[in-house]
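Chemist: output the structure for:
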Amino acid sequence: MEQKIKERLKEKIKNNAVSVGKNSTVRAAEKKELEFIVYASNASPNLIKDVSNLGVEIYKYEGDSEALSIACSKSFNISVIGAKK
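Modeler: Here you go, the predicted model:
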């Protein structure tokens with residue numbers, strides 16, 4: 001994932017403008033609320049397929065779901081996160 005996307009994601013997390021988890025991210029994408037989606041490197045193929053079909057830019061995070069959760073300052077693993085507009 002390029003540095004520019006990492007910086008944009010950090011800013012969205014700081015401003016609490018994110019949806020965390022598959023269900024929340026899919027709902028937000030269907031409402032056209034997302035700018036982009038980031039998924040962990042160990043996300044399931046089904047999850048990747050589901051978020052790929054939402055019409056939103058998607059990026060693969062270099063780290064696994066534990067690393068993504070640390071980047072998001074969460075105490076639980078995160079496989080997918082959506083950055084809201």
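Chemist: low-confidence ranges, the chain, go.
Modeler: Counting by pLDDT under 70, the chain contains low-confidence ranges at 1.
Chemist: for it, what's the longest helix?
Modeler: Among the elements of type helix in the chain, defined by DSSP state H, the one spanning the most residues is helix 3-14.
Chemist: and the helices in this structure?
Modeler: With DSSP H as the criterion, the chain has helices at 3-14, 22-30, 45-52, 65-71.
Chemist: redo those as TSV? Include distance to residue 85.
Modeler: From N, CA and C alone the C-beta is placed, and that goes for glycine too. As requested, the helices of the chain are arranged in TSV below (distance: least, Cβ to Cβ, whole Å):
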stretch	distance to residue 85
helix 3-14	10
helix 22-30	10
helix 45-52	17
helix 65-71	20
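Chemist: closest to residue 37 out of these?
Modeler: Of all the helices of the chain, it is helix 45-52 that lies closest to residue 37, at 5.2 Å by Cβ to Cβ.
Chemist: need the residues that contact that closest one.
Modeler: Helix 45-52 is contacted by residues 22, 25-26, 29, 37, 39, 58, 79-80 when judged by Cβ atoms under 8 Å, 6 or more residues apart in numbering.
Chemist: tell me which two in those are the farthest apart.
Modeler: 29 and 79 (15.0 Å).
Chemist: bridged to the closest residue to residue 74 other than its chain neighbours, which residues?
Modeler: Take residue 74 and drop its neighbours on the chain: the residue closest to it by Cβ to Cβ, 6 or more residues apart in numbering is residue 20, 7.0 Å away. Here residue 20 sits in beta bridges with residue 81, as judged by DSSP bridges.
Chemist: wait, what's in contact with residue 20?
Modeler: Taking Cβ under 8 Å, 6+ apart as the criterion, residue 20 is in contact with 72, 74, 78, 81.
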